[in-house]
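In: After the sequence you'll find the predicted model.
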Amino acid sequence: MFGERLKLARKRAGLSLRGLAEAVDHAVSAQAIGRYERGEMLPGSSVALKLAQALGVTLSYLFSPSEIRLEGVEFRKTAATRARERAMVEAAVLDHVDRYLLIEDLLEIGSHEWDKPVGAPIPVSTLEEAEDATDQIRTAWNLGGDAIPHMTELLEEHGIKVLKLDFPLSVDGLTCLVARPGQEKVPVIVGAMGKSVERRRFTLAHELGHMVMAIVGDIDEEKACQRFASALLMPKQDLLFEVGQRRHAFGYTEVIQIKRMYGVSAAALIVRLRDLGVIGDGTVQTLFRGIGRTWRKREPEPLTEDETPKRFQRLVLRALAEDVISLPKAAELLGKSTGEVSRTMSGPLE
């Protein structure tokens, strides 16, 4: 397993074999590193330590067994994503999911089973059917017709691992399945760090669309998932109740209040109102040329609510509190210093 872990850490760091050899001041050759990765030989302790330090991982990480793999990886914005960037992202996802599954195993709680909605994947051949698909999701997951306060928690409650990683700018997110020998595959949705809360929420809903819909016919899959995300975050009947059936104008404050109510961007709200026939194309143009002239590039009064995944951190802190893992191990899993983790456990000083 050392070779697989070494290759994973190298890819995550974005290094070639030669680049890693240079990073350890040629304490070992690129050819030898290649042999390590293929499992043809193992390094001595001093070389292994230098490799770990150069890659920013621990020795225990490099020598830990891991048998997981990614399947069905679907990137968003793939046309602009280079192969090296894809490899870095996939390596980061494998690393994080590996740690996530490890802490679940240590706590003997297992992963939440993927609560796939009845009838999924739902056949969709029109944008209207993509909108209707959200009704099946809401019924299956007992969501009612209100706004969704926390997309991340919702997805994790239903067995989907949600990660937030530092992606290249060309990547918005991805979906995949994590396969483990003899166990159910774990669905994963990954969003990009650095995006606004509004953008992350929409990305999560969009990626869920890819997971639960089966596109048939000539409909564009991305547009179908855009409509799905919009309808899921801004349910039709509830939105119409708030804004009315037909409008010819909106003021700034009303738009801000409504977009905050549903946790979406102002631009996404305007597009949703157009799709529902509440406003026409002329009103859309008026809004984007007037009060919303900067909304496509800069979010007005952005949300401050946190959509960061928290379940993994909760599990690690639980394992630490129950002496299932040590403080150094908790720090390693969370990617933080032991001091930071200690302060998290002790709370603020009086």
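Out: Perfect, I can see it now.

In: Show me what counts as buried in the worst-scoring helix or strand of the chain on mean pLDDT.
Out: Sorted by mean pLDDT, DSSP states H and E, the helices and strands of the chain end with helix 59-63, the least confident at a mean of 76. Residues 61-62 are the ones in helix 59-63 that count as buried (16 or more other CB atoms under 10 Å). C-beta coordinates here come from the backbone N, C-alpha and C atoms, glycine included.

In: same thing with stretch 323-335?
Out: For stretch 323-335, the neighbour count (16+ other CB under 10 Å) marks 324-325, 329-334 as buried.

In: just those now: which is nearest V47?
Out: Nearest to V47 among the buried residues of stretch 323-335: E332, at 20.8 Å, using CB to CB.

In: Confirm the closest one sits in a helix?
Out: Yes - counting by DSSP: H, G, I helix; E, B strand; the rest coil, E332 is part of a helix.

In: one step back: now the buried residues of stretch 323-335 in CSV, with pLDDT?
Out: Below are those laid out as CSV (pLDDT from 0 to 100):
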residue, pLDDT
V324, 91
I325, 91
K329, 88
A330, 92
A331, 92
E332, 85
L333, 88
L334, 91
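
In: Can I get those residues in JSON lines including distance to A32?
Out: Shown next, in JSON lines, are these (distance: CB to CB, whole Å):
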{"residue": "V324", "distance to A32": "37"}
{"residue": "I325", "distance to A32": "33"}
{"residue": "K329", "distance to A32": "30"}
{"residue": "A330", "distance to A32": "33"}
{"residue": "A331", "distance to A32": "30"}
{"residue": "E332", "distance to A32": "26"}
{"residue": "L333", "distance to A32": "30"}
{"residue": "L334", "distance to A32": "32"}
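
In: packing partners for the least confident helix or strand of the chain?
Out: helix 2-12, helix 45-55 (3 or more CB pairs under 8 Å, 6 or more residues apart in numbering; DSSP states H and E).

In: helix or strand right after the first one?
Out: For helix 2-12, the succeeding helix or strand toward the C-terminus, using DSSP states H and E, is helix 17-23.

In: Figure out how far the next helix or strand after that next one is from the centre of its chain.
Out: Downstream of helix 17-23, the first helix or strand assigned by DSSP H and E is helix 30-37. Taking CA atoms, centre = their mean, to the nearest Å, one finds helix 30-37 lying 32 Å from the centre of the chain it belongs to.

In: Same check on stretch 207-217?
Out: Centroid separation between stretch 207-217 and its chain, computed with CA atoms, centre = their mean, is 17 Å.

In: Thanks a lot, catch you later.
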